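*Asks:* Quick one: sequence plus predicted model below, questions after.
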Amino acid sequence: MLNDKRILLVIGGGIAAYKCMDLIRRLKERGAGVRVVMTEAAAQFVTPLLVGAISGERVFTDLFDLTAEHDIGHIRLSREADLIVVAPATADLLARMTQGHANDLATTCLLATDKPVLVAPAMNPRMWSHPATRRNVAQLRADGIAVVGPNAGAMAERDEFGEGRMAEPLEILAAIEAHFATGEAGLLKGRRILVTSGPTHEPIDPVRYIANRSSGKQGHAIAAAARAAGAEVVLVSGPAEAADPRGVRVIHVESAREMMAAVEENLPVDAAVFAAAVADWRVAGAAEQKIKKGEGGTPTLTLVENPDILAAVARHHTLRPRLVVGFAAETEQVVAHAREKRVRKGCDWIVANDVSPATGIMGGDANTVHLVTAEAVEDWPSASKAEVARHLVARIAAELSGSKP
Ligand code: CTP
């Protein structure tokens, strides 16, 4: 049952839009409230009048509808839902979502929301298999967006077969029910989670720095997944490539020492995940002015060790979180090094991954990790960074509530 769940259904402009009538009816039968936003193209396939009659609510189509802005507005529209479902998610709509466009009401709601999003793609098989669409879908998955379908079969166009048919209403319904059933939406309700992510930059002078390679994708995905699971999340991020996740308080820092200070300021938390690639050393006495070539020959940099943020929090006398999770990026003997690191740093778990260049994990969207706990080493299957994040969040939730999976 979906009692009291509020679904914002975004209908895109595809032939499969007609199937949304059945989806709306079934959602309502299960007790969900369904509010609908339609794109302009969608209104070419089904009329707002029909959709409104079936949903029993006013249908929203126009970003510049002043009366709507008055009484509801796109921000409220996108946030007063428990889940946003995009069906049919056309190639164009997926592309606009990937790019973060906000040129109509549908995309504005999708950009403004802090709620989980499920998309049901539907398009011609060639459009679905086009590298541009593949890229867009991979990016959306990495951003934490769930995807249901498409299925293979006959297309509306004559003599066209292949993958691209929108998932059937019952399949979309099952994906929606699974979303709420796993309890992901509320797994970490009432918990405070801190995550570090990205690299740190250690200044040499005002224009140069030392850094580690890190996109911040995995750490940011964990923050987003913890938020989606209902936690209050603080993300302390170095200068990362990944965008700030929605609904998360992000504290931007540059150096390891700034990261340390921001982390300490935000304790206590229930669990802390240290995914940042902190530079182990900083330059002693960084120059206040740009170091010029030719003045005194090639400069020599003296390095001093940075504070170990993970170890400091794991050994904190009064404010140690109940669960402290570290990361180990290794290029050889991954598990052996991770085991040793778990003990040396005093944390509860280590998420270990092989970042040797051949794996493509550095900066990529996929990850293969091992979870090293005091009791065991679990080898997780290769998955997107968003999936690894969801899995880790589910484990954290189980640990905090005392139920081991
Ligand atoms: N870490 C940290 N502060 C540091 C260095 C590392 O919080 N100054 C955290 C990272 O966020 C990660 C874990 O410690 O969770 C592992 O970091 P890593 O740099 O791989 O470990 P090291 O202590 O540098 O060990 P080694 O030199 O053997 O790689």
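*Replies:* Looks like it came in fine. Residues are numbered from 1 along each chain as shown.
*Asks:* When you work out contacts or count neighbours from here on, use the C-alpha atoms and nothing else.
*Replies:* Fine.
*Asks:* List the buried residues of stretch 262-274.
*Replies:* 262-263, 267-274 (16 or more other CA atoms under 10 Å).
*Asks:* right, and the pair among the residues you listed with maximum separation?
*Replies:* Using CA to CA, the buried residues of stretch 262-274 span at most 16.4 Å, a distance reached by 262 and 270.
*Asks:* which bits of this structure sit near the ligand?
*Replies:* By CA under 6 Å from any ligand atom, the residues of the chain that approach the ligand are 274-278, 280, 306-310, 326-329.
*Asks:* Buried only: go through those for me.
*Replies:* 274-278, 280, 306-307, 309-310, 326-329.
*Asks:* Take those residues and keep only those in strands.
*Replies:* 274, 326-329 (DSSP state E).
*Asks:* Quick one: these as CSV, columns for pLDDT too.
*Replies:* Below are these laid out as CSV (pLDDT from 0 to 100):
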residue, pLDDT
274, 98
326, 98
327, 97
328, 95
329, 89
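*Asks:* shaky segments in the stretch 51-200 of the chain?
*Replies:* For the stretch 51-200 of the chain, applying pLDDT under 70 flags the ranges 64-72, 155, 157-159, 181-185.
*Asks:* Residue of it closest to the ligand, please.
*Replies:* residue 196 (6.8 Å; CA to the nearest ligand atom).
*Asks:* That residue falls within a helix, correct?
*Replies:* No. Looking at residue 196 with DSSP: H, G, I helix; E, B strand; the rest coil, it is strand, so not inside a helix.
*Asks:* That one touches residue 237, doesn't it?
*Replies:* Yes. Between residue 196 and residue 237 a contact is recorded at 5.7 Å, counting by CA atoms under 8 Å.
*Asks:* Residues that sit against both of these two, list them.
*Replies:* Applying CA atoms under 8 Å, 6 or more residues apart in numbering, one finds that residue 196 and residue 237 are jointly contacted by residue 276.
*Asks:* Between those two, which has more neighbouring residues?
*Replies:* Counted by other CA atoms under 10 Å, residue 196 and residue 237 do not tie: residue 196 has more neighbours, with 31 against 27.
*Asks:* The more buried one pairs with what?
*Replies:* residue 236, residue 274 (DSSP bridges).
*Asks:* Contacts only, for the nearest residue to residue 199 once chain neighbours are set aside.
*Replies:* Nearest residue to residue 199 in three dimensions, chain neighbours excluded: residue 277, at 4.8 Å (CA to CA, 6 or more residues apart in numbering). By CA under 8 Å, 6+ apart, the contact list for residue 277 reads 197-200, 212-214.
*Asks:* you'd agree residue 187 is up against residue 394?
*Replies:* Yes. Counting by CA under 8 Å, residue 394 is a contact partner of residue 187 at 7.3 Å.
*Asks:* Give me the buried subset of the contacts of residue 277.
*Replies:* Buried members of these, counted by 16+ other CA under 10 Å: 197-200, 214.
*Asks:* of those, closest to residue 292?
*Replies:* Distances from residue 292 to the buried ones among the contacts of residue 277, taken by CA to CA, are shortest for residue 200, at 24.0 Å.
*Asks:* so that closest one sits right up against residue 236, yeah?
*Replies:* No. The criterion here is CA under 8 Å, and residue 200 misses it with residue 236 at 10.7 Å.
*Asks:* who touches both of these two?
*Replies:* residue 253.
*Asks:* quick one: pLDDT of the most far-flung residue of the chain relative to its centre?
*Replies:* When distances to the mean C-alpha position of the chain are computed (CA atoms, centre = their mean), the maximum falls on residue 296, with 48.4 Å. Note on residue 296: pLDDT of 77.
*Asks:* Any idea how many residues pack against residue 204?
*Replies:* For residue 204, using other CA under 10 Å, the count is 21.
*Asks:* ok, it touching residue 210?
*Replies:* Yes. Assessed by CA under 8 Å, residue 204 is found in contact with residue 210 at 7.1 Å.
*Asks:* Pairing partners for the helix or strand where residue 282 lies, with directions?
*Replies:* Taking DSSP states H and E as the criterion, the element that holds residue 282 is strand 281-283. Strand 281-283 pairs in its sheet with strand 303-305 (antiparallel), by DSSP bridges.
*Asks:* looking only at pLDDT, what's the mean for the strand it pairs with?
*Replies:* On average, the pLDDT along strand 303-305 is 97.
*Asks:* from the chain's centre, how far out does that strand sit?
*Replies:* 34 Å (CA atoms, centre = their mean, to the nearest Å).
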